[in-house]
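[1] What follows is a predicted protein model with its sequence.
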Amino acid sequence: MNLTRNPALIDQLAASYALGTLRGGARRRFEELARTHASVRAAALIWQGRMVSVTELQAQQAPSPAVWKRIENLVQADKQARAMQAARQAPVAAGSVAGWWASLGLWRGASAAGAMAAVVAVVTGLNFNTQLNGQVRELNARLAATPEIRYVAVLADDKAAPAVLVTYDPKHSQLQLKHVGQFHPGPDKSLQLWALPQAGGPKSLGVLGEGTVIRLPAPSGEVNNVPALALSLERLGGVPAGSGPSGPVLFKGALLQTAL
């Protein structure tokens with residue numbers, strides 16, 4: 001079976017790889033496949049990025065004193081319930097009229113303890129639901145702002161060494177480029193991104209700025225149905241609009257549509 005022709009399966013394997021559930025021989029085979037196929041490498045990088053973003057959704061917080069107090073109340077109520085159960089099972093002395101069974105104070109105390117446990121349980125549930133609903137709303141807001149990755153490309157050199165991971169988000173009309181190699185253009189040079197359409201010459205998609213992650217605006221019409229992308233080394237600031245690359249093309253790669 002040729003896995004590279006099954007994007008949905010590759011996406012599932014990449015997710016399992018990022019989660020750590022892909023193990024043993026299957027994990028080694030996936031890593032070997034990723035070394036030789038750009039689409040598999042791209043899927044693995046995307047899922048690793050997703051896992052990192054998920055861990056950042058919720059900041060670590062220490063439980064509030066109120067939480068510990070509710071836990072203490074539940075523990076005390078449980079102890080009182082166990083004591084009452086033990087008292088019911090203990091033998092009653094003959095002729096004892098004022099024993100455990102006839103102790104009105106005990107039953108009142110037990111009823112109060114049970115009522116308190118019920119109140120604590122209800123309050124705990126309400127507080128938990130309130131906190132959970134707040135976290136769900138925050139998560140939904142963050143997910144709404146999360147990019148929708150429709151296209152991906154791994155731009156590599158002539159030795160197939162990956163240099164830049166490119167993703168396209170049509171929801172925000174934005175290209176994101178992330179350096180995964182060690183190449184630096186130098187102080188007087190710039191990297192310029194080009195779309196390589198099926199017909200016609202290369203079309204500039206923008207000049208890369210400083211930083212590990214660069215975002216470039218791009219309408220869907222400039223990205224849809226483009227088979228490949230390339231990066232050329234140009235003079236500082238890139239070449240003027242309407243002209244093609246003037247410097248060497250250092251990195252290129254196929255632009256692949258992700259599985260939806």
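    Received the coordinates, thanks.
[2] Tell me how far G209 lies from H179.
    Using C-beta to C-beta, to the nearest Å, G209 is found at 12 Å from H179. Every residue, glycine included, has its C-beta placed from N, CA and C.
[3] host element of the residue lying closest to L22 once chain neighbours are set aside?
    In space, and not counting its chain neighbours, L22 is closest to S16: 3.9 Å by C-beta to C-beta, 6 or more residues apart in numbering. Applying DSSP states H and E as the criterion places S16 in helix 7-19.
[4] Now that helix: buried residues?
    The neighbour-count check on helix 7-19 (16 or more other C-beta atoms under 10 Å) flags P7, I10, D11, L13, A14, A15, S16, Y17, A18 as buried.
[5] And the next helix or strand past the helix or strand bottoming out on mean pLDDT in the chain?
    Ranked by mean pLDDT, DSSP states H and E, the weakest helix or strand in the chain is helix 104-145, scoring a mean of 55. Sequence-wise, the next helix or strand downstream of helix 104-145 (DSSP H and E) is strand 151-156.
[6] for the record, mean pLDDT for that next one?
    The average pLDDT within strand 151-156 is 89.
[7] List the contacts of the helix or strand following it.
    Sequence order places strand 162-169 as the next helix or strand after strand 151-156, per DSSP H and E. Contact with strand 162-169 is made by 38, 41-42, 45-46, 147-157, 174-181, 183, 193, 218, 223, 229, 231, 250-251, 253, 255, as judged by C-beta atoms under 8 Å, 6 or more residues apart in numbering.
[8] hang on, W194 in a helix?
    No: under DSSP: H, G, I helix; E, B strand; the rest coil, W194 falls outside any helix and is assigned strand.
[9] in the sheet, who's paired with it?
    Taking DSSP bridges as the rule, W194 bridges to S204, A230.
[10] Pull the contacting residues for it.
    W194 neighbours (C-beta under 8 Å, 6+ apart): P202, K203, S204, L205, L229, A230, L231, S232, G244, P245, V249.
[11] list the contacts for the last one?
    When contacts are counted by C-beta under 8 Å, 6+ apart, V249 touches W194, A230, L231, S232.
[12] One more pass at 10 Å, please.
    L155, D157, D158, Q192, W194, L196, P202, A230, L231, S232, L233 (C-beta atoms under 10 Å, 6 or more residues apart in numbering).
[13] Return the distance of the third one relative to L256.
    Put plainly, it is D158. D158 is 20 Å from L256, where distance means C-beta to C-beta.
[14] Ok, the fifth one next?
    Computed as C-beta to C-beta, the W194 to L256 distance reads 17 Å.
[15] likewise the last one?
    Taking C-beta to C-beta as the criterion, L233 is separated from L256 by 24 Å.
[16] returning to what we had before: who's more crowded, D158 and L256?
    A direct count of neighbours by other C-beta atoms under 10 Å for D158 and L256 places L256 higher, at 17 against 9.
[17] Tell me the confidence at the closest residue to the more buried one other than its chain neighbours?
    Leaving aside its chain neighbours, L256 sits nearest to S39 (5.3 Å; criterion: C-beta to C-beta, 6+ apart). Note on S39: pLDDT of 80.
[18] Could you do A42 as well?
    For A42, pLDDT reads 83.
[19] Next: G211.
    Among the per-residue scores, G211 shows a pLDDT of 85.
[20] what about it, how many residues close to it?
    With other C-beta under 10 Å as criterion, G211 counts 10.
[21] quick one on the thing from earlier: only alpha carbons, please: show the helix holding S16 as PDB.
    Extracted in PDB, the C-alpha atoms of helix 7-19 (Å, rounded to 0.1, in the frame of the first residue of the first chain):
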ATOM      1  CA  PRO A   7      -3.600  11.900   2.600                       C
ATOM      2  CA  ALA A   8      -6.200  10.900   5.200                       C
ATOM      3  CA  LEU A   9      -4.200   8.000   6.500                       C
ATOM      4  CA  ILE A  10      -1.000  10.100   6.600                       C
ATOM      5  CA  ASP A  11      -2.900  12.700   8.600                       C
ATOM      6  CA  GLN A  12      -4.000  10.100  11.100                       C
ATOM      7  CA  LEU A  13      -0.500   8.700  11.500                       C
ATOM      8  CA  ALA A  14       1.000  12.100  11.900                       C
ATOM      9  CA  ALA A  15      -1.500  12.800  14.700                       C
ATOM     10  CA  SER A  16      -0.700   9.600  16.400                       C
ATOM     11  CA  TYR A  17       3.000  10.300  16.000                       C
ATOM     12  CA  ALA A  18       2.600  13.800  17.600                       C
ATOM     13  CA  LEU A  19       0.500  12.400  20.500                       C
END
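[22] Cool, thanks, talk later.
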